[in-house]
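*Asks:* sequence-free structure coming up:
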């Protein structure tokens, strides 16, 4: 950097000229400094499985794919563990054959540790501490340590992402679905308090095996995130005739958390939940289906967590936003359009005079099913729908919140279900009144 004080060593220059040159140099330097501090969008996936649990890919191969495809951060969220300790894999099934050959070809025999034990070929799985430095690059790519806390109540699966952990958390159990969720949420925040490390939990795929209803999700204390989109083929994001879709679950939860429950906002994530890396098809859980775009000044774990907790991110299954602003009482969205593709921007919310009644879903015999209740269409109604690349919604005063859903006319490449169109979801703008 140029030292302006050196100008005073030039004897022929008048003080006024020195001052003018100093200001000119300052003007040149200031924009570059300001630009470096501006927030930008970072792309990441917070739900990924490897051979450490039930994925079928070596973690290095998985990380290599994400980095090469423009992702900036990745969390390997294996079930109830983190990638630590000494772990040898019997390479006769998922980790063997062509999968092992490709792993060796990509990273070399010196990197891949193999042995024979009890006449069986084995491969040592590298830890995150070992393979992390191979990929991490300042301002380009970062690992976020974490796990998928995998719990249940009776037959109901209760799965939760634990983001930016310091150490593994064991499933906490409980005497109901709600208690299982709450105990696991509390365990994550207990570790955060004990370590001082920023971290948060999020509910994974509530409709996986119909594990979590809106009534069980909405009263959880301290919960701030859940998956509104998951790329696994068995998660039923849109629900079915008996079960509410995850957007409806989101709106029900938001409406009650922000009114009678007074528990605060709930943000929506999109993730891959990838397990399958060698067969790319509908019916397989592949990479690249859902992600989050986080706006942060730098690519660091603390900054990403802080930005997400502030709601400064959006979820996507394909649509990219050029700009997104939630300022005061106005939510503005601008799509980064693809040629020949059209977009519909729906602003969705619930007004304060909503009908709060709900009814259980019942069988033909009148028995109540353990599924999300049926609620009024007042909850999560489309307030305004606009076709185009750019739109905004100005709160008129009676809305509890408003969020935007952007749907394109482009069919998704490698969808989690047939007929899926690319979408994006903004976080809700809460009416402060």
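*Replies:* Right, received. Where do you want to start? As the structure is a computational prediction, the values presented were derived from the model and not from experiment. Residues are numbered from 1 along each chain as shown.

*Asks:* Now stretch 327-339: buried residues?
*Replies:* Counting neighbours by 16 or more other CB atoms under 10 Å, one finds that the buried residues in stretch 327-339 are 329, 331, 332, 333, 334, 335, 337. From N, CA and C alone the C-beta is placed, and that goes for glycine too.

*Asks:* Sorry, slip of the keys, the one I care about is stretch 242-255.
*Replies:* Residues of stretch 242-255 classed as buried under the neighbour-count rule (16+ other CB under 10 Å) are 243-255.

*Asks:* So which of the buried residues of stretch 327-339 is the closest to residue 93?
*Replies:* In terms of CB to CB, no member of these lies closer to residue 93 than residue 335, at 44.0 Å.

*Asks:* What pLDDT does the model give that closest one?
*Replies:* At residue 335 the predicted local confidence, pLDDT, stands at 98.

*Asks:* Report the contact partners of it.
*Replies:* Residues counted as contacts of residue 335 (CB atoms under 8 Å, 6 or more residues apart in numbering) are 319, 320, 321, 322, 343, 345, 389, 390, 406, 424.

*Asks:* Let's see that with 6 Å instead.
*Replies:* The neighbours of residue 335, taking CB atoms under 6 Å, 6 or more residues apart in numbering as the test, are 321, 343, 389.

*Asks:* before we move on, the earlier item: among the buried residues of stretch 242-255, which are located in helices?
*Replies:* When helices are assigned by DSSP state H, the members of the buried residues of stretch 242-255 inside them are 246, 247, 248, 249, 250, 251, 252, 253, 254, 255.

*Asks:* Tell me how far the fifth one lies from residue 337.
*Replies:* Right, residue 250. Using CB to CB, to the nearest Å, one obtains 26 Å as the distance from residue 250 to residue 337.

*Asks:* can you check the first one too?
*Replies:* Between residue 246 and residue 337 the distance is 26 Å, computed by CB to CB.

*Asks:* what does the second one give?
*Replies:* Distance check for residue 247 against residue 337: by CB to CB, it reads 23 Å.

*Asks:* same question, the third one
*Replies:* As defined by CB to CB, residue 248 lies at a distance of 28 Å from residue 337.

*Asks:* And the strands in the stretch 301-433 of the chain?
*Replies:* Using DSSP state E, counting those that start in this stretch, the strands found in the stretch 301-433 of the chain span residues 313-316, 321-327, 330-335, 343-351, 358-359, 374-375, 381-387, 390-394, 399-411, 421-426, 429-430.

*Asks:* and the angle from the second one to strand 330-335?
*Replies:* What it means is strand 321-327. With axes from the mean of the first three to the mean of the last three CA atoms, to 10 degrees applied, the angle from strand 321-327 to strand 330-335 works out at 180 degrees.

*Asks:* Low-confidence ranges, this structure, go.
*Replies:* Confidence mapping of the chain against pLDDT under 70 gives the ranges 1-37.

*Asks:* rewinding a little: can the buried residues of stretch 327-339 go into CSV with extra columns for distance to residue 153?
*Replies:* Conversion of these to CSV gives the following (distance: CB to CB, whole Å):
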residue, distance to residue 153
329, 41
331, 37
332, 42
333, 38
334, 43
335, 41
337, 45
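
*Asks:* Out of those, which comes closest to residue 222?
*Replies:* Proximity of the buried residues of stretch 327-339 to residue 222 (CB to CB) peaks at residue 331, which lies at 25.4 Å.
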